[in-house]
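K.L.:
Here you go, sequence then predicted model.
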Amino acid sequence: MKRDGALDGIRALAALGVWVLHVAGNTGVMYREGMFAWMTTRLGVAVPIFFLLSGLLLYRPWVRALLEDSPAPRPGLYLWRRVFRVMPAYWVVTFLALLAWSSMDWTGWAKWLLLLQNYTEQDRAPDGLYQMWTMPIEMAFYLVLPLLAWLLHQWARRGNRPVRLLAGIAVLPVISVASVIVSHAADEPEMALWLPHHLIYFAAGMAMAVLSVWRKEIKAIDALAPQLLVLALLLYVVLSTELAGPRTLTLPDVGQSLWRMGLEASVAILLVAPFALAPRHDSLRHRVLGNPVTAYLGRISYSFFLWHAPVITLYYKVTGTQPFTGDFVQVAILTFVGTMLVSVASYHLIEENALRLSRRGSAPAPPPDAPAAKEAAPVR
C-alpha cells in the first residue's frame, strides 16, 4: 500500500515531540516556571498520537474486508510482519543500552528483550531506555487486534455495518476510563502501563479507519481543517495547565488523569482527522506535512524514537553533565544531529532489511504441481 506522506509527517512531529520532551526533562527545563516549560512537559501527547496512528493504519485492512468484501488480513502473516517491523531495531537498541549502562542479571535482560518490563515490579528504567515503556503497549495491541477485529466484525455483520462497527469500537474508551478509576481506587499506578488504559487512543484510530473506508472523504472535515488544527493547539495549551495534573513525577489524582486522557485524545483526533478523513493531497496542510523532508523523517521516526534516549544518555555520560542541568539549545542540537545520523543508518540497515526478510519469509508456497515444487530453481 502506498504510504501517506502527510501521516508520515505527523509521525515525524510526534517523534520530535518525544525527543524535545526528554531534552527538556534531562536539562531540567520542564521543571522551571513559564509557559514554555509547561508546554514541553505535555509533549507526551505524542504517544497517544502514535497509538492513534497504529489503530488507524493497522485496522483499516480489516475494515476494508468487511465493508468492501476484500480479502481479510491473515492473522499469522500480520503478526509475523509486525514482529519483523518492530523487534529487530528494538533488540539492537535495547541490547546495546543494557550492555553499556546496566548491571542487570539474565532475568532483567530477558524482561527487557521480551517486552515484559511493564508487567513486573516497576523499578527505574535502565539508562537510555526510559522511552521504551510504550513498546509493550504497542505490542499488546498488535497481538489483540486480530481477535478484536474478529469480534467487531461478528457484531457488525447484521444491520448497518459501519454504524455497528463504530458502536462496537465505542466500548473501548469506556474500558480506558474504567482502568483509570480502578487503578486509583486500588492504588495500582502500574495499570497505566497496560493496554486497557490506552485503548481510547487506539479506538480513536480504529474509528477513523471505519470512517475513512466508509465515507472516503468527509467534506465538512476538509472545510473545517484549519479550525480543527487551531483547536488542537488550543486544547494542547489547556493540557499544559494544572488541569491535567502536575508536571513532576507526582502522580495525578483520578480527576486529573481523566482530564488528561480526554484532552490528549482530543488533541490527537483533531490533529490527525484533517489528514485521515479529508486526504486532499493538493491542500496546503498536506503539502506542508507531506513534503519529502517531513515524509522521510516520518519513515525513520521509529528508529529516531528508539535511539534518541540512548544518544541523550551518551551525551550526559561523555560530557559529565549532571542530570537536570545543561544548556537546552546545546543539548538539543547535538543530540538531534547524533540521533538523526544513527537513525538513518538504523532505518536503512535494520528496519528495511527486516521488512524484506518478513516478506520473503511470508511468501505463499507454490502449488504442488508448479515447476518450482518439482525442481529447485537455479541460484542467481
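P.N.:
Done, it's in.
K.L.:
rest of the way, CA atoms for contacts and neighbours
P.N.:
OK.
K.L.:
Which other helices and strands does the helix or strand that contains Ala220 contact?
P.N.:
Secondary structure from DSSP states H and E places Ala220 in helix 219-223. Packing partners of helix 219-223 (3 or more CA pairs under 8 Å, 6 or more residues apart in numbering; DSSP states H and E): helix 254-276.
K.L.:
Which of the residues in stretch 21-33 are classified as buried?
P.N.:
21-31 (16 or more other CA atoms under 10 Å).
K.L.:
can those go into JSON lines with extra columns for pLDDT?
P.N.:
JSON lines is the format used below for the buried residues of stretch 21-33 (pLDDT from 0 to 100):
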{"residue": "Leu21", "pLDDT": "96"}
{"residue": "His22", "pLDDT": "97"}
{"residue": "Val23", "pLDDT": "97"}
{"residue": "Ala24", "pLDDT": "95"}
{"residue": "Gly25", "pLDDT": "94"}
{"residue": "Asn26", "pLDDT": "95"}
{"residue": "Thr27", "pLDDT": "96"}
{"residue": "Gly28", "pLDDT": "93"}
{"residue": "Val29", "pLDDT": "93"}
{"residue": "Met30", "pLDDT": "91"}
{"residue": "Tyr31", "pLDDT": "89"}
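K.L.:
what's the helix holding Ala220 in contact with?
P.N.:
Contacts to helix 219-223, defined as CA atoms under 8 Å, 6 or more residues apart in numbering, come from residues 273-274, 277-278, 280.
K.L.:
Which of those are buried? Put it as a ChimeraX command.
P.N.:
With 16+ other CA under 10 Å as the burial test, the buried ones among the contacts of helix 219-223 are selected in ChimeraX as follows:
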select :273,274,277,278,280
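K.L.:
Now tell me which helix or strand of this protein has the poorest mean pLDDT.
P.N.:
helix 371-374 (a mean of 33; mean pLDDT, DSSP states H and E).
K.L.:
Tell me the gap between the helix holding Ala220 and the middle of its chain.
P.N.:
26 Å (CA atoms, centre = their mean, to the nearest Å).
K.L.:
before we move on, what about stretch 323-337?
P.N.:
24 Å.
K.L.:
Grab the CA positions of it and hand them over as CSV.
P.N.:
The C-alpha trace of stretch 323-337 is given here as CSV (Å, rounded to 0.1, in the frame of the first residue of the first chain):
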residue,chain,number,x,y,z
PRO,A,323,21.2,15.3,35.5
PHE,A,324,18.7,18.1,35.2
THR,A,325,21.4,20.6,34.1
GLY,A,326,22.8,21.6,30.8
ASP,A,327,22.0,24.1,28.1
PHE,A,328,18.8,23.2,26.4
VAL,A,329,19.8,24.5,23.0
GLN,A,330,23.2,22.9,23.0
VAL,A,331,21.9,19.5,24.2
ALA,A,332,19.0,19.7,21.6
ILE,A,333,21.3,20.5,18.7
LEU,A,334,24.0,17.9,19.4
THR,A,335,21.5,15.1,20.3
PHE,A,336,19.4,15.9,17.3
VAL,A,337,22.3,15.6,14.9
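K.L.:
buried set for it?
P.N.:
326, 328, 331-332, 335-336.
K.L.:
swap in stretch 143-163?
P.N.:
Of the residues in stretch 143-163, 143, 145-146, 149, 152-153, 156, 161-162 count as buried by neighbour count, 16+ other CA under 10 Å.
K.L.:
Over that stretch, what's the mean pLDDT, rounded is fine.
P.N.:
Mean pLDDT, stretch 143-163: 95.
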